[in-house]
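1. sequence and computational prediction follow.
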Amino acid sequence: MDDPTQDVEGEKLPFTAHLEELRGRLIKCVIALAVGFAACYSVSEPLFRWLVRPLATVMPEGSFLTMLRIQEGFLTHLKVGLLGGIFAAAPILLYQAWKFVAPGLYAHEKRYVWPFVGFASLFFFTGAAFAYWVVFPFGFQFLLAYAGGPVQATLSMEAYLSFATKLLLAFGLVFELPVVMWFLARMGLVSHQTLSRGRGYALVIIFIVAAILTPPDVFTQTLMAIPLYILYEISIVVARFAGRRAADAEAAA
């Protein structure tokens, strides 16, 4: 059986070679982000209007976004371009991440690069879409319910973008759970039995993670915790399948 820590010539890669590999992958990631940023910054105005739409539909009458600092509009559009660049470059970033860890995989595992990139990208985009079309409308409506009467909602455009960006990226990342569990199960680091026995601990950890990644309100945290727990249950099924495939591959080798 091949040693997964060896390169194609069968020799172990030195630590400096790993650092050189990491540097090369990071440079490619930066280039992909730069290209994505340039493309998205050119359309940052419609992108920002699209990001604001869930908020605009639930804002109380007479409420509006403000530009509190003279440079806030410019910086906000830069951040919109960067956010768009992250999503545009996500498949490339995931591919580079896979290629970096590929030397540590067995030969039969390396061929899963495209399924990994495809499913990881799909789950990342699905998580962000869930945040935009489900969490944003309900979460904003709940939070803005405290405005009214003597309280007028006047929100900073930069503060809103930071809030929205955090939620979009957080949901995109947590939706990667089934993909991560598939990878760990293929590596033999977790099993579906372990995940099944750890449901109680997982539920506590899920609410802790949701509390860290979302604003400090129970409603938004619950909107993240519920789908995250569903994804955990999906991960158990994924780990069962991946573990069976890994056992078959070991037996064939």
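-> In hand now; what should we look at? Every value quoted in this text rests on a predicted model; they were computed, and no experiment measured them.

2. by mean pLDDT, flag the weakest helix or strand of this protein.
-> Lowest on mean pLDDT, DSSP states H and E among the helices and strands of the chain sits helix 107-110, with a mean of 73.

3. what's the next secondary structure element after that helix?
-> Following helix 107-110 in sequence order, the next helix or strand is helix 113-130 (DSSP states H and E).

4. show residues contacting that next one.
-> Contact with helix 113-130 is made by 87, 90-91, 94-95, 98-99, 102, 168-169, 171-176, 178-179, 182-183, 227, as judged by C-beta atoms under 8 Å, 6 or more residues apart in numbering. C-beta here means a position set from N, CA and C on the backbone, and glycine is covered the same way.

5. what about that helix, average pLDDT?
-> For helix 113-130, the mean per-residue pLDDT is 93.

6. then stretch 186-203?
-> Rounded mean pLDDT across stretch 186-203 is 87.

7. mind listing what's buried along stretch 156-164?
-> Ser156, Met157, Glu158, Tyr160, Leu161, Phe163, Ala164 (16 or more other C-beta atoms under 10 Å).

8. helix/strand/coil for Leu65?
-> Of the three states, Leu65 takes strand according to DSSP: H, G, I helix; E, B strand; the rest coil.

9. nope, Leu68 is what I meant
-> Per three-state DSSP, the secondary structure class of Leu68 is coil.

10. give me the number of residues near it?
-> Summarising burial for Leu68: neighbours were counted as other C-beta atoms under 10 Å, giving 12.

11. quick check: it touching Ser156?
-> Yes - counting by C-beta atoms under 8 Å, Ser156 is a contact partner of Leu68 at 5.1 Å.

12. next, Met59: phi, psi?
-> Phi and psi for Met59, reported as degrees, to the nearest 10, are phi -70, psi 140.

13. how near is it to Tyr160?
-> 10 Å (C-beta to C-beta, to the nearest Å).

14. next one: Ala56
-> Separation of Ala56 from Tyr160 (C-beta to C-beta) stands at 10 Å.

15. common neighbours of the two, please.
-> With C-beta under 8 Å, 6+ apart, Ala56 and Tyr160 have no common neighbours.

16. can you give me the strands for this structure?
-> 64-66, 154-156 (DSSP state E).

17. show the average pLDDT along stretch 35-48.
-> 96.

18. show me which residues of that stretch are buried.
-> In stretch 35-48, counting by 16+ other C-beta under 10 Å, buried: Gly36, Phe37, Cys40, Tyr41, Ser44, Leu47, Phe48.

19. now do stretch 217-229
-> Within stretch 217-229, the residues scored as buried using 16+ other C-beta under 10 Å are Thr220, Gln221, Leu223, Met224, Ala225, Pro227, Leu228, Tyr229.
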